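Student: model this:
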Amino acid sequence: MTEDSNKQTELKLLEEKILVLAKKLAALDLRRAELLSKTPGDTGSRKSPRAMLKRKTRERLILTGKSV
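Tutor: Numbers count the residues shown, from 1 in each chain. Here you go, the predicted model:
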């Protein structure tokens, strides 16, 4: 019985790790898409501070697991 509960606990821990990694991957994928959408000479200086704040907030929400 304890072996079964140990396996279930281990499974839950692995599921949590997978979820964390999936969130990080989503944030990185979002950042990658933004970088690819820029033109080669674009430094991003034309973006408003508000747009940058919205991007950072969206990344933070993804990393914390909140819905976007």
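Student: which helices and strands sit right next to the helix or strand encompassing Glu15?
Tutor: Assigned by DSSP states H and E, Glu15 belongs to helix 2-37. Applying 3 or more CB pairs under 8 Å, 6 or more residues apart in numbering; DSSP states H and E, one finds that helix 2-37 contacts helix 49-64. The way it works is simple: take the backbone N, C-alpha and C, and place the C-beta from them, glycine included.
Student: list the buried ones in the helix it packs on?
Tutor: Going by neighbour count (16 or more other CB atoms under 10 Å), the buried part of helix 49-64 is Glu59, Ile62.
Student: How far off centre is that helix?
Tutor: Relative to its chain's centre, helix 49-64 lies at 11 Å (CA atoms, centre = their mean, to the nearest Å).
Student: The helix or strand of the chain with the lowest mean pLDDT relative to helix 2-37, how many degrees between them?
Tutor: Every helix and strand in the chain was compared by mean pLDDT, DSSP states H and E; the lowest is helix 49-64, with a mean of 80. Interaxial angle, helix 49-64 versus helix 2-37 (axes from the mean of the first three to the mean of the last three CA atoms, to 10 degrees): 160 degrees.
Student: name the helices or strands packed onto helix 49-64?
Tutor: Packed against helix 49-64 by the contact rule (3+ CB pairs under 8 Å, 6+ apart) you find helix 2-37.
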